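Engineer: Model the following, please.
(2 chains)
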Amino acid sequence: MNPPKQVFTKIKKIDADELNQLKKRTDSVTLVIIFFIAVIIARLWFLQIHNGSKYREKADNNRVRMLDIVAPRGNILDSEGHTIITNRPSFNIVWVKEDSPDPDEIIKKLSLILNEEIAVLLKRVRESLDNPRHIPILLKEDIDWKTLVYIENNHYDLPGVRIEVLPRRNYLFGDFGSHLIGYTGEINQKELEERKWENYQGGNQIGKRGFEKLYEEELRGDKGVVYMEVDAHGFEQRQLKGKEPLPGNDLQLTIDLDLQLEAEKAMIDKAGAVVAMDVNSGRILAFASAPPVRLEDFVGGISTKNWQALLNDIKRPLVHKTIQGQYPPGSTYKIVTALAGLSKGAINSNTVFYCAGSMPFGNRRYGCWKKGGHGAVSLHRALAESCDVYFYQVGLKVGVDSLAEYANRLGLGHKTGIEFEYEKSGLIPTSNWKKLVKGEPWQEGETLSIAIGQGFNLVTPLQICQMTSALANGGLLYKPFLIEKIIDPEGQVVKQFLPTVDVELVGMDNYLALIREGLVGAVNDKRGTGKTARLKDVTVAGKTGTAQVVAMEKFKEVDEEDVAYKHRDHAWFTSFAPAENPEIAVTVLVEHGGHGGSAAAPVAKMVLEKYFAKKYGLGTEEVKEGQAPGQ
Amino acid sequence: MFRIDRQLIKNFDWIMLVAVLLIAAMGLVNLYSATYAGKTVGTTVFIRQLFFFIAGFSFIIIIHLFDYRLLLKWNYPLYAIIIGLLLAALLMGGSIAGTQRWINLGFFRLQPSEPAKLMLVISLASYYYRRDTGRGFTLHDLLVPIGLTGVLFVLVLKQPDLGTALMFGAIFVSMTLFVKLKWSTIGIIFGTGAAAIPIGWKFFLKPYQRQRIETFLNPESDPTNSGYHIMQSKIAVGSGLKFGKGYLKGTQGHLHFLPERHTDFAFSVWAEEWGFAGSLFFLAVYFFVILWGLNVCLASRDKFGVLLAFGIVSLIFWQAIINLLMVMGFLPVVGIPLPMFSYGGSSLMTTLIGIGLLMNIRMRRHQVTKN
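Structural biologist: All right, here's what the predicted structure looks like:
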């Protein structure tokens, strides 16, 4: 080390030569500095000016989280504007895992509070593992008030546990019109793909069946959104702005609440269908399929146990019997046979056939349901007392293909085209059909069966009701419809549905009048088969029917009560009223109900009674909102 | 020694003082925003930094009382003190996140690697000044400087603080290249350096340090950790656009997306809130200080002043460049502050002492030394 004194004594001054050299060096150092300044400014320009908006967007994405607000679905109203289906707030338990210091402890506590197995809760947690950490995990839906209050009171002990309020379907009348209304559920992968251009996301609710599905676009509304500013840890800082959700449109049905409730009440404990239709428009007033399904079971996904129970139920609750149930029409088909006979000139009002209780044809005897025979019968009595032999004769005279022709003209054998899902077409056989499908020629004997509505014939209750309406209104086959109008949240009518005539039967007024007379007789004559549908103040016209499930020969000697349920006949009754100036047609099918007169006609009577009682203000108890049928 | 005559006062470097005060003001304004949390006025961090500025400016004044050439005398004792401090930090320093960088003095946690940077500048300047023959340095002449640098380098790398250790290397290389070297020496230095990089990578770097460099080279591969910092910083700078989001309105900083926003990433906060225009203004002032400091080299009356001024300028310059390139995503996150702008007492004091020395050299440019 140099001695310090030296330092001050020997100052190495800078001479001109050295200064020159120094200048050169500092100049090149300046160049280096300028180079780096240029690099930094260029980089700054690139980040802030050239790509600035991209980074601005990234910064906003960083801090702004979008949260959807579910729009309340539209209400479903009856024809008079009573609310059938609306929404109620439901409370879901959600959990933000990252807000809980001790996740295991929380799950343990929740398991006790929610009365759920730990494994069930863990499964839900595991299913959401892929989601970002701040997204709440849904642990339990629709908790009850007691649980809600408990969790609210103890929320300091449950960090990260939150309550989310969502609108949920409120079924004011329980299972009212369950097959029509349908249900909603969480959107599945397939539905998401089908609707990828629409504003759906996983976890959204979507209509799965019935109106909820068919009118999903109308009912769903527009979801709203809130923008939340969050910090880097995902904690919400403040609400920025947003869009209010727009509720869905309301559906106003043609269904009359009182009539539907009455029909469902009448069908309690039975399996089958009731269709009531305004004969002058095609509006469906009641559309009941029994037994109903419990809609609440489907909300949030049906359990396997419940599903299996539904599948195995002998009364087939999953089948929407008004349009999916296909049955032989039984004697209600005699309307077709009569119309064919009259139109083809095979019979007229004076034609008389003799019924001895059976009729020989080929090498066998074809029986009439009345073993003692009807004696000499005209068309009126044949319809009123449902004489089979009379219609065997008519059937033989016109042939199977003419029967089929008139059946088709009356709307049988093809779909009515009602705007609803899974409608069945039924089956009206012709000689060609048998050749094509069965590969066998038509047997004349089969025509006899067809003429009284047995054999290959298959119809749906809706088809029979449509046919009955056309008979009642003088030959106009209206397309049945279920929706009256669609109303937006402001109450403006978005869409009004109008009656449409599918087929007009021309030049058959007299024939139809004759058949109507016969049907009046069936209800009002002394020996009419449908007497049980008779009303005091209104003339009802109707036709009973009994559809064989298996050839009853086997059970001939057996008492009806002892026949196994699934082998019993289906009972039909189709009717309209008032006979003089028809307004309403009611068709009833009771699966395995036995005879139409005893099983089906009383149901029709209840519905008709309700209709006229309402119309004339007769003493009917008003249905109160929220009252489930049968309670 | 303590004689401050009129001449000297007349030669006081007011321009430098004003420019540094301007940077200090911007730094404090920015620090207030970076640590702003709601309505509380004056965070502890802000107040501490304010205190350090006041202390630092007092140092600048005090330094003017002495002739910088005293450093030639005190060079080695000071160097020994720094080594002692670094060892103390290693042995008893508080370990924050696995590093031993600080000595807790109660009111202040001293980070000895900061003054060590300035110490290295002083030591190299003294050595080269004494040994300068005008014929260029040979490799043999460089053994002492390499040793002076190497001791500091190893001690700091042990902490471990790779960024600061590399700063020593940068200072050494800059200053050594600035003095006259023989071409053969230059060749040997670069050859050894090139060979040392892979060896250093393999044996000296800690895994997290290696990872930092790897993520820098491929930032998208690890968006949640190291790459995250760079990404968020780029977003902060970029989203400032032309005129910024406005003071206290930067979202990246205030919502905690930016890491280390009051220390290493302070400039990101500035760029986000003041935009391209504000950043240009800051850079203009900042690089004016650097170029003005470089100009001291030409003004100095002797070669020690030249070397000392150059070393101090390169010290500030390299830290600023590395920090700026880092926050803009051009360099990996190495933990180098932006001198005078980032929060941190040790760095700020060291830098201001350096500035004080620069001003001292300029002030004494015409002074005739009396024997």
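Engineer: Chain A contacts on the stretch 251-371 of chain B?
Structural biologist: Counting by Cβ under 8 Å from any Cβ of the partner chain, the stretch 251-371 of chain B comes close to chain A at B:251-252, B:255-257, B:271-272, B:275-276, B:279-280, B:283, B:287, B:290-291, B:294-295, B:297-298, B:300-304, B:306, B:310, B:317, B:321, B:324-325, B:328-330, B:369, B:371. For every residue, glycine as well, the C-beta is placed using N, CA and C.
Engineer: and the residues you listed, which are buried?
Structural biologist: B:251-252, B:255, B:257, B:271-272, B:275-276, B:279, B:283, B:287, B:290-291, B:294-295, B:297-298, B:300-304, B:306, B:310, B:317, B:321, B:324-325, B:328-330 (16 or more other Cβ atoms under 10 Å in any protein chain shown).
Engineer: Run through who's touching the longest strand seen in chain A.
Structural biologist: Identified as the longest strand of chain A according to DSSP state E is strand A:83-95. For strand A:83-95, the surrounding residues in contact (Cβ atoms under 8 Å, 6 or more residues apart in numbering or on different chains) are A:72-73, A:75-78, A:106, A:110, A:114, A:125, A:136-143, A:148, A:151, A:160-173, A:176-177, A:181, A:253, A:257, A:625.
Engineer: Distance from the chain centre to that strand, please.
Structural biologist: Relative to its chain's centre, strand A:83-95 lies at 20 Å (Cα atoms, centre = their mean, to the nearest Å).
Engineer: Point out the other elements, helices or strands, that the host helix or strand of B:Ser346 touches.
Structural biologist: Assigned by DSSP states H and E, B:Ser346 belongs to helix B:345-363. Counting contacts by 3 or more Cβ pairs under 8 Å, 6 or more residues apart in numbering or on different chains; DSSP states H and E, helix B:345-363 packs against helix B:14-34, helix B:44-65, strand B:109-110, helix B:113-131, helix B:266-299, helix B:303-327.
Engineer: Quick check: buried residues in it?
Structural biologist: Here helix B:345-363 shows B:345-363 as buried, counting by 16+ other Cβ under 10 Å.
Engineer: Now do that helix and helix B:14-34, the angle between them.
Structural biologist: Relative orientation of helix B:345-363 and helix B:14-34, computed by axes from the mean of the first three to the mean of the last three Cα atoms, to 10 degrees: 170 degrees.
Engineer: From the chain's centroid, how far away is helix B:345-363?
Structural biologist: 11 Å.
Engineer: What of stretch A:180-192?
Structural biologist: The answer for stretch A:180-192 is 11 Å, by Cα atoms, centre = their mean.
Engineer: do the same with stretch A:223-231
Structural biologist: On Cα atoms, centre = their mean, the centre of stretch A:223-231 falls 34 Å from that of its chain.
Engineer: In the stretch 201-350 of chain B, where is pLDDT below threshold?
Structural biologist: Across the stretch 201-350 of chain B, the ranges flagged by pLDDT under 70 are B:212-227.
Engineer: Can you give me the neighbour number for whichever residue of the stretch 151-300 of chain B sits closest to chain A?
Structural biologist: Of all residues in the stretch 151-300 of chain B, B:Gly238 sits closest to chain A, at 2.6 Å by Cβ to the nearest Cβ. By the criterion of other Cβ atoms under 10 Å in any protein chain shown, B:Gly238 has 29 neighbours.
Engineer: mind pulling up the phi and psi values for it?
Structural biologist: phi -60, psi -40 (degrees, to the nearest 10).
Engineer: tell me the SS of A:Glu164?
Structural biologist: strand (DSSP: H, G, I helix; E, B strand; the rest coil).
Engineer: Before we move on, what's the pLDDT of it?
Structural biologist: At A:Glu164, the pLDDT value in this model is 84.
Engineer: who's it bridged to?
Structural biologist: A:Asn92 (DSSP bridges).
Engineer: And for A:Pro101, the neighbour number?
Structural biologist: 9.
Engineer: My error: substitute A:Lys109 in the last question.
Structural biologist: A:Lys109 has 16 nearby residues by other Cβ under 10 Å.
Engineer: pretty sure it contacts A:Pro159?
Structural biologist: No - assessed by Cβ atoms under 8 Å, A:Lys109 is found out of contact with A:Pro159, at 10.7 Å.
Engineer: All the helices of the stretch 251-400 of chain A, in order from the start?
Structural biologist: A:257-266, A:295-298, A:304-312, A:321-324, A:334-343, A:379-384, A:388-409 (DSSP state H, counting those that start in this stretch).
Engineer: So what's the gap between the third one and the chain middle?
Structural biologist: Spelled out, that is helix A:304-312. That offset, for helix A:304-312, works out to 19 Å (Cα atoms, centre = their mean).
Engineer: now the fifth one
Structural biologist: Chain-centre distance of helix A:334-343: 36 Å, with Cα atoms, centre = their mean.
Engineer: just checking, what packs against that helix?
Structural biologist: helix A:379-384, helix A:388-409, helix A:461-473, helix A:509-524.
Engineer: Kindly format the C-alpha coordinates of the first one as CSV.
Structural biologist: Translated: helix A:379-384. The C-alpha coordinates for helix A:379-384 follow below in CSV (Å, rounded to 0.1, in the frame of the first residue of the first chain):
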residue,chain,number,x,y,z
LEU,A,379,-128.2,-46.5,-37.1
HIS,A,380,-129.4,-44.5,-34.2
ARG,A,381,-129.8,-47.5,-31.9
ALA,A,382,-126.6,-49.1,-33.3
LEU,A,383,-124.6,-46.0,-32.2
ALA,A,384,-126.6,-45.5,-28.9
